[in-house]
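**Q** Got a predicted structure here, sequence first:
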Amino acid sequence: MGLFSIFNKEIAMDLGTANSIVMYNDQIVIDQPSVVAIDTNKDNKIIAVGTEAARYEGRENEHIRTIRPLKGGVIADFDMAQHLIREFIKMADVTRSILSPALKMVICIPSGITDVEQRAVREAAEQAGAKEIRMIHEPMAAAIGIGIDVTEPVGHMIVDIGGGTAEIAVISLGGIVRNKSVRIAGDEFNENIIEYMRKIHSLHIGVRTAEQIKIKVGSAISELREEEVPEDYEARGRHVTTGIPETHLVSYKEVANALDKSISRIESAILEALADTPPELAADIYESGIYLAGGGALLRGLDARIAERTKLKVHVAEDPLRAVARGTGKALKNLDRFDFLIK
Ligand SMILES: Nc1ncnc2c1ncn2[C@@H]1O[C@H](COP(=O)(O)OP(=O)(O)OP(=O)(O)O)[C@@H](O)[C@H]1O
Ligand SMILES: [Mg+2]
């Protein structure tokens, strides 16, 4: 760490529906669920945030509640979103110094958020001590994180499948030329799995179990290559009518079946975005293909399925869960060059 960094603190934050990541001086210092736990008996006092708060999910009582302030690509609970931002900045402040250096921040925000919501995000960052703040839209951050030169006059298509939304964006010359957002992503996939288990196996499972099924045996196609095939997963739940605890072995083929409709809808949105893209940029995309980012990109066979449907090459970002955070971090290093950042 050079002398300069003692006087300059820089934080990049990817404010996601499912997870938030904070980078401090180029290192990921926080990677935790976007959850706040409050005590309604104590005037909604915050009792935990992040990983700790997520442990309370599904285990609440009358006065302990958990809240995910971001939903479906928008800020659903202003107040709690602000708490979340402030707490994460506080937690990231690993080298609290007496010199109190100027804090610079870039925050990645869902591309669907309104001006009012943007102001709320800015306010929370200011209250946490940030002096210089910029915001960046999520698909732009994803593109930068993937390593695309977003300022060149070439069209690129990014599909970011997060927790709340799948965002499809065409980027050129530092701007988002086309943007399509559908509220079908990781959360919806979990719902699909819950619904499938209930209907097909009369097994009532919780969100956490659905999430495990998706990660352990998640698939977008029902014929995976041999080396990709995961071992069946033993899911625990309760029988829908008897209420007795039961287990069921779930295969990836079942998950592919459960997710089929949702993935089809994401594919249709991609095709619509392509159809709506100006011809020169579309020609670029036919050349370079589609880039997948966000946690949903980890679904087995999703790249192959989208490639088949669109007849385009599909690339999965390296470490897709962190591509947006990496891009936000890079934006922080290029505040002057990236004049498209939101002030
Ligand atoms: N291996 C995996 N397979 C499939 N899905 C996964 C995997 N790992 C994580 N996910 C899902 O990825 C989602 C989180 O992705 P990500 O962190 O990109 O979302 P986010 O940025 O918080 O949400 P958004 O971009 O919608 O605001 C969760 O729904 C999670 O269940
Ligand atoms: Mg995201």
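**A** All right, it came through fine. Numbering: from 1, shown residues only. Ligands and ions are numbered 1, 2, ... in the order given.
**Q** what about the nearest residue to I107 once chain neighbours are set aside, how many neighbours?
**A** Excluding the flanking residues, the one nearest I107 by CB to CB, 6 or more residues apart in numbering is M13, at 4.7 Å. For glycine as for every other residue, the C-beta is placed from the backbone atoms N, C-alpha and C. M13: 28 surrounding residues under other CB atoms under 10 Å.
**Q** Could you grab the helix/strand/coil label for the residue of the chain most remote from its centre?
**A** Of all residues in the chain, T242 has its C-alpha farthest from the mean position, at 37.0 Å, by CA atoms, centre = their mean. Recorded secondary structure, T242: coil (DSSP: H, G, I helix; E, B strand; the rest coil).
**Q** Any figure for the gap between it and ligand 2?
**A** According to CB to the ion, to the nearest Å, T242 stands 40 Å off from ligand 2.
**Q** Got the phi and psi for that residue?
**A** When read as degrees, to the nearest 10, the backbone of T242 gives phi -80, psi -20.
**Q** now the strands for the stretch 151-300 of the chain?
**A** 156-161, 166-172, 175-182, 203-204, 233-239, 245-250, 290-293 (DSSP state E, counting those that start in this stretch).
**Q** Out of the ones you listed, flag the one nearest ligand 1.
**A** Nearest to ligand 1, of all these, is strand 156-161, at 6.0 Å by CB to the nearest ligand atom.
**Q** re earlier: pretty sure the residue nearest to I107 sits in a helix.
**A** No. Assigned with three-state DSSP, M13 falls outside any helix and is strand.
**Q** so it touches T328, yeah?
**A** Yes. Counting by CB atoms under 8 Å, M13 touches T328, with 6.8 Å between them.
**Q** tell me, what's touching the two both at once?
**A** With contacts taken as CB atoms under 8 Å, 6 or more residues apart in numbering, M13 and T328 have 23, 106-108 as neighbours in common.
**Q** I'd like to know which of these is nearest to ligand 1.
**A** Distances from ligand 1 to the shared contacts of M13 and T328, taken by CB to the nearest ligand atom, are shortest for C108, at 8.5 Å.
**Q** check which helix or strand covers that closest one.
**A** Applying DSSP states H and E as the criterion places C108 in strand 102-109.
**Q** List the buried residues in that strand.
**A** By 16 or more other CB atoms under 10 Å, the buried positions in strand 102-109 come out as 103-109.
**Q** cool, and stretch 200-211?
**A** 201, 203-205, 209-211.
**Q** same deal with stretch 148-159?
**A** 148, 150-151, 154-159.
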